[in-house]
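Peer 1: After the sequence you'll find the predicted model.
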Amino acid sequence: MQHCPRERDQVIETELKISLDEFGEAALAAHAALERMRVRPRRTEDLVSTYFDTPDQSLAKAGIALRLRKIGRRWVQTVKRGAPGAAKGHGLFSHVEVEFPAPGGKLALDGPDDQGVFAAVAEASGGAELAPLFETRVRRIVEHLAAPGGGEVELAIDRGEIVAGQENAPRHRGMANPIRPTTRRLRVRVSRRLTAACEQPAAEI
């Protein structure tokens, strides 16, 4: 998330998400381009993320995502809003993202609000109670790759599950690729190079 253009504590994050089956994942992991393009060592993270909304999902309707995420022993709260004028669709998403520590894994919706995210959440929820909507439990493999023509792309391969109430569903293996300040065309070129043997666009999570 930090590998993106910044405006104060705001991050503009652009992702291309693609669903992979086990054969697509194996083909991607074995792709020779990964070794050629890798600019730093691969790392693995265990992520537990809880998404909050009102009973009628008013945040989602307003284009807002509110998340608590546990990364190892650290908790982070994130608010995402759609980036104005950004292209989207076919697995492509662009967000304005504000992220801050959440000690003890507790949701905080007050305090200094220079980015206006608390106000946006309050306006969208209309005072309705916010509650956990679903949880994702993911093991993420992260690669940092050199992009043709300059810049760097983060490639993430997720494997895990989505939990909503008593229902568990496997989460599709996939990729989330925050982009450094390079063009969308370049971003798509990198993804096509790595995923020719895969797949279908993923839903936003």
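Peer 2: That came in fine, so what should we check first?

Peer 1: Kindly provide the distance from E15 to A164.
Peer 2: For E15, the distance to A164 equals 22 Å [C-beta to C-beta, to the nearest Å]. C-betas here are computed from N, CA, C, even on glycine.

Peer 1: Those two: which has the busier surroundings?
Peer 2: E15 (22 against 13; other C-beta atoms under 10 Å).

Peer 1: Look up how far L145 lies from the more buried one.
Peer 2: According to C-beta to C-beta, E15 stands 14 Å off from L145.

Peer 1: what lines up beside the helix or strand H144 falls within in the sheet?
Peer 2: Here H144, judged by DSSP states H and E, is contained in strand 131-146. Here strand 131-146 is paired, per DSSP bridges, with strand 38-53 (antiparallel), strand 152-164 (antiparallel).

Peer 1: Tell me which residues of it come out buried.
Peer 2: Of the residues in strand 131-146, L133, F134, T136, R137, V138, R140, I141, V142, E143, H144, L145 count as buried by neighbour count, 16 or more other C-beta atoms under 10 Å.

Peer 1: ditto for stretch 102-111
Peer 2: Buried residues in stretch 102-111 (16+ other C-beta under 10 Å): A102, L109.

Peer 1: Let me see the residues that make contact with it.
Peer 2: Counting by C-beta atoms under 8 Å, 6 or more residues apart in numbering, stretch 102-111 makes contact with F52, L66, L68, K70, W75, V76, Q77, F118, V121, A122, L130, all of which sit outside it.

Peer 1: Let me have those in CSV, extended by pLDDT, neighbour count and distance to K88.
Peer 2: Output for the contacts of stretch 102-111, formatted as CSV (pLDDT from 0 to 100; neighbours: other C-beta atoms under 10 Å; distance: C-beta to C-beta, whole Å):
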residue, pLDDT, neighbour count, distance to K88
F52, 97, 20, 22
L66, 96, 23, 19
L68, 96, 20, 24
K70, 94, 16, 28
W75, 95, 17, 29
V76, 94, 17, 24
Q77, 95, 21, 24
F118, 91, 16, 25
V121, 95, 21, 21
A122, 95, 14, 25
L130, 95, 17, 25
